[in-house]
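Asker: this is a predicted model, with the sequence first.
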Amino acid sequence: MRHTITTLLLLAGLLLSVSNGAMGQEPSRDEVLKALRKAAEFYRTKVSTEGGYHFYYTADLSYGRSEHEEGFTQVTVQREGIPSVGLAYLEAYDATGDRYYLGLARDAAYSLVKGQHCSGGWDYVIEFDPAKRKYYPYRADGNCGSLPTPSPGIVRSHPVTNLDDNVSQGAVRLMMRVDRALGFADAKIHEATLHALDSLIKAQYPNGAWPQRYREFPDPAKFPVKRASYPETWSKTWPGPNYESEYTFNDNTISDVIDAFLEASRIYGEPRYQAAAERGGDFILLAQMPEPQPAWAQQYDADMHPAWARIFEPPSVTGGESQGILKTLLVLYRATGKRKYLDAAPRALEYLQRSALPRADHPAEARRRMANGAVVLARFYELRTNKPLYVTKGTRVQVQGKSSTLIDGYEISYSDQSVITHYGVLTNGNQLASIADEYKTLAAADVSKMRRPDKLHGLSPWSGERIVRPKSARAIIDALDERGAWVEEGNIGKADNVVSVFAAKDMTLTIGGRVYPVAENETVSLFQGKQPPPVKVIKSSTFSANVNALSAWLAK
């Protein structure tokens, strides 16, 4: 009897193992192709607005929004919107050879053509409402003169080209790659792409830098070419929001422009694009701070002193963007073979390595947010002293239709206690080791044999971002709903958010005399009506990641 039970248990275990193996079995190529097509058709036909996209949508598609845009007449040019989705379609085209996906990428490029400003680039938002478009400086509509005064209730976009958050750089990368995939035969896309590249050259400062955003091309006489230096003094009080014209590494702005021009040079064989990238590299050399901090600031003023940007971005040497700049120098060396770009790296590497923060036995909140075992760098190091700088946490109030109001906090501090949470005052330095290894490899190699691939991937290929094959294509396919959507938990808010309050410390909320505790770092939001905000969402970033992953699986 005991042997019979044992045998039955073994058979049951075997059957369960076979069953689980079948359920977890990798899909066939045909299954992946069908899932990819289903997801793409849903996103283009049910989600898209004229080929463009938001960050997020409610699961029922009743509302969509991005960081600066909302509703179904607007889309976003920030990387998680049009650029990432459009590039995902290109990856699908490369993996399958199916021109359907090339058509979807072309549609995304057309949306950018319609949103291109007369200054050559793009701002965060593209508006498609015909009644509102006349208040935007869109080339496609011929709105390159003075714009009409908006009617009451209509907000006009600022006529800027925006380089923040990889906006115009990401857009032009998508345009270039679609242009190439179409054999340069689509006149609208080809012309708009070349105009964007030419305009970015006009926007380049005499020293090779670019600003965060611009409304007009710079007057060379106002921007003399100088080397970076330390100011005699600097104010610890934020001077205000007028920082757009500064020479800007913040958020890797200049790195993205340089690499976009290197890619443009490869795609179009145009020497002017290579020259613009090299001038950007020469600015990196000019901007490297002298000892004792031979790395880089986030932004510089016209005197080449580290400068303020936003209220939480003080003049300093940065442990964050400096790593991106080092990667860019190595990319420039690969592209040009010019040793000056390579030779700037060792001093900065040594400085950043010795600036790593010591281990904390009782870490504060900011330190606890860092991955265990990470090399930790300060985002901001005080000029000359190299002391880590922090920004204290503050209560923020957001009222509908108004800008945020700061109640307290946002002061420079040497302590990592009670610091801002929406922005990393610490940064991961684990990539320093790989940067150092690549430097050693390049220094000892024949650089002519270290050329990058002809086809680049992603919106910031200089950073080393890669499209990887998924661990389980089955899991990605099984997560699709019957429509072809990947739906996940989330809350994107609502258009009728009346007020939000971020609590920088423990607070108390009263509603009709009832008392509710609000913990530090929680946000209280008030919406109109009885309907609660949706908690099921569709994200463009998830769509792009899954399409890229399935495409990589197909191309294995």
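Answerer: On my side now, so go ahead.
Asker: would you mark the buried spots in the strand or helix carrying Ala475?
Answerer: Secondary structure from DSSP states H and E places Ala475 in helix 473-478. By neighbour count on 16 or more other Cβ atoms under 10 Å, the buried set for helix 473-478 is 473-474, 476-477. For glycine as for every other residue, the C-beta is placed from the backbone atoms N, C-alpha and C.
Asker: repeat for stretch 190-200
Answerer: Residues of stretch 190-200 classed as buried: 190, 192-197, 199-200 (neighbour count, 16+ other Cβ under 10 Å).
Asker: how about the helices in the stretch 401-550 of the chain?
Answerer: Taking DSSP state H, counting those that start in this stretch as the criterion, the stretch 401-550 of the chain carries its helices at 431-444, 473-478, 540-554.
Asker: Asp107 contacts Thr49, correct?
Answerer: No: under the criterion of Cβ atoms under 8 Å, Asp107 makes no contact with Thr49, lying 10.7 Å away.
Asker: before we move on, the earlier item: can you name the two of the buried residues of helix 473-478 that sit furthest apart?
Answerer: Farthest pair in these (Cβ to Cβ) is Arg474 and Ile476. Separation: 7.3 Å.
Asker: on that earlier part again, quick one: the helices of the stretch 401-550 of the chain as a markdown table, columns for mean pLDDT and distance to Leu36 too.
Answerer: A markdown table is the format used below for those (pLDDT from 0 to 100; distance: least, Cβ to Cβ, whole Å):
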| stretch | mean pLDDT | distance to Leu36 |
| --- | --- | --- |
| helix 431-444 | 96 | 32 |
| helix 473-478 | 95 | 9 |
| helix 540-554 | 96 | 5 |
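Asker: next, the distance between the ends of stretch 452-472.
Answerer: End-to-end distance for stretch 452-472: 29 Å, by Cα to Cα, to the nearest Å.
Asker: only the buried residues of it, if you could.
Answerer: 456-463, 467, 470.
Asker: mean confidence for that stretch?
Answerer: Mean pLDDT, stretch 452-472: 84.
Asker: got it, and stretch 391-401?
Answerer: Stretch 391-401 comes out at a mean pLDDT of 85.
Asker: centre of the chain versus that stretch, how much separation?
Answerer: Here stretch 391-401 is found 23 Å from its chain centre; the criterion is Cα atoms, centre = their mean, to the nearest Å.
Asker: output it as PDB - backbone C-alpha positions only.
Answerer: As requested, the backbone C-alpha atoms of stretch 391-401 are provided in PDB (Å, rounded to 0.1, in the frame of the first residue of the first chain):
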ATOM      1  CA  VAL A 391      18.400  70.300  -0.500                       C
ATOM      2  CA  THR A 392      15.900  70.200   2.400                       C
ATOM      3  CA  LYS A 393      12.400  68.800   1.900                       C
ATOM      4  CA  GLY A 394       9.500  71.300   1.700                       C
ATOM      5  CA  THR A 395       5.700  71.200   1.600                       C
ATOM      6  CA  ARG A 396       4.400  71.800  -1.900                       C
ATOM      7  CA  VAL A 397       0.900  72.900  -2.800                       C
ATOM      8  CA  GLN A 398      -0.500  72.600  -6.300                       C
ATOM      9  CA  VAL A 399      -3.700  74.300  -7.200                       C
ATOM     10  CA  GLN A 400      -5.500  73.700 -10.400                       C
ATOM     11  CA  GLY A 401      -4.400  76.200 -13.100                       C
END
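Asker: which one of the buried residues of helix 473-478 is nearest Leu426?
Answerer: Nearest to Leu426 among those: Ile476, at 32.9 Å, using Cβ to Cβ.
Asker: and the closest one, how far from Ser460?
Answerer: Look at Ile476 and Ser460: by Cβ to Cβ, to the nearest Å, they are 24 Å apart.
Asker: burial count for Ser322?
Answerer: Other residues within reach of Ser322, judged by other Cβ atoms under 10 Å, total 28.
Asker: my guess is it contacts Gln293. True?
Answerer: No: at 9.5 Å, Ser322 does not count as touching Gln293 under the criterion of Cβ under 8 Å.
Asker: now stretch 58-76: average pLDDT?
Answerer: Stretch 58-76 shows a mean pLDDT of 93.
Asker: tell me where the stretch 51-200 of the chain has helices.
Answerer: Here the stretch 51-200 of the chain has its helices, by DSSP H, counting those that start in this stretch, at 82-96, 99-115, 130-133, 167-181, 187-202.
Asker: can I get those in JSON lines with mean pLDDT?
Answerer: Below are those laid out as JSON lines (pLDDT from 0 to 100):
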{"stretch": "helix 82-96", "mean pLDDT": "98"}
{"stretch": "helix 99-115", "mean pLDDT": "98"}
{"stretch": "helix 130-133", "mean pLDDT": "92"}
{"stretch": "helix 167-181", "mean pLDDT": "98"}
{"stretch": "helix 187-202", "mean pLDDT": "98"}
